[in-house]
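Novice: only the shape, not the letters, is given here:
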C-alpha cells in the first residue's frame, strides 16, 4: 500500500475481507506476508523446523486424547488438524490488500467413527494493527512521561475492524460459530480460584484487577473468563462472544485447550510447563525456575524484537496512508 492508493479512498468507501487457508502440519512453511512473530510461524523456522512442528502436533494430539478420555481406552481415538486462516482487508477502490488478521481453525478427526468434525476458529490471534498499537503507538505515547497512561481511542480502530470481520459475509460463509481466542494469563496480576468447575474447561479463576489486554479485547466485542483444565499448571484466558460454556461442544473446547496449551508450554514454560500447579491464589511469573523444557526450539527475545518491526510495518503501509479515513471510520463505528 502507498500514499497514492490511500488518496483514492473516500469517506463513502468501505472495505471487504478475503480469507485464505493453509494447512499447519510438519510441511508448513510461512508465507512471505505472514507475521513471523505468530506462534505457528515461529515454530516453522530454522534447522529444527520439521522436528519442531512434528513435536508440537504430537503434543496437541496427546493432550486432546487425555482430555477426551471417554470411549477412548487406548488414548488415540482423536487427532487434531489445524488450518491457518489469513484475513486480508481491501478498501473499495484499491487493488492492494493488507494482511489484517491471522487465526487458527481446529478440526477434529475421530478415527473410530471416521468423521472429521469442525472445531473452533480463533485460538491464536495475530494482527499487524495490534502490533502497531502496542509496539509503536503506546510506546510513543509514554516516551518521556513520568507515569504510564493509555492514549485516547487506544484499540478502537482495531476493535472495530475485528467486529466488522466477524460480522462480515466472508466470516459467515466460512465459519459456523463465533471465534474463541485463547491467551496466556498476565504475569502482573493475581488470580483466585473459585468454586466453579466445568467438566472440560476445569476450575475457574478470577483476576484481582482488569488488564490492558482485557480492555483491548473488550473493544473487539470479546469478554473473558479464566479456566485451568485438568492436569494443567496454570489457567488460560478464553476470549469469546456469547456463552463460552454453552455455545461450544466438549470436543470443540478440547481442541482449543490442547492447541493453545501446547503453544504456551513452548513459549511460556515457566508458567504452563511448571512442575507445580497453580493454587488457590496464583501469581504467574516468567522468573519461575521450577519448570520443564519441551523438545522444541524457540527464541523468545527475537519474537519481541520482531513485534516492534511489524508494528512499524503497519504504521508505514496501513496507518499512515489511510490515516484520515481510518480515524473517521472508527469514529463512525464507535459504540
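Specialist: Right, received. Where do you want to start? Computed from a predicted model, the values in this text were never measured in an experiment.

Novice: low-confidence stretches in the stretch 51-200 of the chain?
Specialist: The stretch 51-200 of the chain contains residues with pLDDT under 70 at 93, 95.

Novice: and the strands in it?
Specialist: With DSSP state E, counting those that start in this stretch as the criterion, the stretch 51-200 of the chain has strands at 78-91, 97-110, 115-127, 180-184, 191-198.

Novice: redo those strands as a markdown table? Include mean neighbour count and distance to residue 138.
Specialist: The C-beta positions use only the backbone N, C-alpha and C, and glycine is treated the same way. Output for the strands of the stretch 51-200 of the chain, formatted as a markdown table (neighbours: other Cβ atoms under 10 Å; distance: least, Cβ to Cβ, whole Å):
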| stretch | mean neighbour count | distance to residue 138 |
| --- | --- | --- |
| strand 78-91 | 20 | 22 |
| strand 97-110 | 21 | 19 |
| strand 115-127 | 21 | 14 |
| strand 180-184 | 22 | 18 |
| strand 191-198 | 15 | 24 |
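
Novice: what's the closest of those to residue 257?
Specialist: strand 180-184 (7.4 Å; Cβ to Cβ).

Novice: okay, and residue 226 sits in which element?
Specialist: strand 223-228 (DSSP states H and E).

Novice: angle of the next helix-or-strand element following that strand against strand 223-228?
Specialist: Proceeding N to C from strand 223-228, the next assigned helix or strand is strand 236-240, under DSSP H and E. Counting by axes from the mean of the first three to the mean of the last three Cα atoms, to 10 degrees, strand 236-240 lies at 150 degrees to strand 223-228.

Novice: name every strand pairing with strand 236-240 and say which way it goes.
Specialist: Partner strands and pairing direction for strand 236-240 (DSSP bridges) are strand 180-184 (antiparallel), strand 223-228 (antiparallel).

Novice: what about the closest residue to residue 191 other than its chain neighbours, neighbour count?
Specialist: Nearest residue to residue 191 in three dimensions, chain neighbours excluded: residue 205, at 4.2 Å (Cβ to Cβ, 6 or more residues apart in numbering). Residues near residue 205, counting by other Cβ atoms under 10 Å, number 24.

Novice: thought residue 205 was touching residue 282?
Specialist: Yes - contact status for residue 205 versus residue 282: in contact at 6.8 Å, counting by Cβ atoms under 8 Å.

Novice: who touches both of those two?
Specialist: Listed as contacting both residue 205 and residue 282 by Cβ atoms under 8 Å, 6 or more residues apart in numbering are 191-193, 235.

Novice: show me which pair in the residues you listed is furthest apart.
Specialist: Going by Cβ to Cβ, the pair spanning the shared contacts of residue 205 and residue 282 furthest: 192 and 235, at 10.3 Å.

Novice: between those two, which contacts overlap?
Specialist: Common contact partners of residue 192 and residue 235 (Cβ under 8 Å, 6+ apart): 205, 282.

Novice: for the nearest residue to residue 131 once chain neighbours are set aside, give its distance to residue 155.
Specialist: In space, and not counting its chain neighbours, residue 131 is closest to residue 311: 3.9 Å by Cβ to Cβ, 6+ apart. According to Cβ to Cβ, to the nearest Å, residue 311 and residue 155 sit 14 Å apart.

Novice: packing partners for the helix or strand encompassing residue 261?
Specialist: Using DSSP H and E, residue 261 sits within helix 250-267. With contacts taken as 3 or more Cβ pairs under 8 Å, 6 or more residues apart in numbering; DSSP states H and E, helix 250-267 sits against helix 39-43, helix 49-67, strand 78-91, strand 97-110, strand 115-127, strand 180-184, strand 236-240, helix 269-272.

Novice: returning to that earlier point: so what touches the strand holding residue 226?
Specialist: The contact list for strand 223-228, computed with Cβ under 8 Å, 6+ apart, reads 185, 191, 193, 198, 201-207, 214, 217, 234-241, 244, 277-278.

Novice: before we move on, the earlier item: identify the contacts common to residue 311 and residue 155.
Specialist: residue 133.

Novice: can you list the weak-confidence ranges in the stretch 201-335 of the chain?
Specialist: Using pLDDT under 70, the stretch 201-335 of the chain drops low at 298-305, 330-335.

Novice: one more time with 80, if that's ok
Specialist: 297-307, 324-335 (pLDDT under 80).

Novice: re the thing from before, now the angle between strand 191-198 and the strand holding residue 226, please.
Specialist: Calculated by the same axes, to 10 degrees, strand 223-228 forms an angle of 90 degrees with strand 191-198.

Novice: if we go by neighbour counts, what in strand 223-228 is buried?
Specialist: Using 16 or more other Cβ atoms under 10 Å as the test for burial, strand 223-228 gives 224-228.
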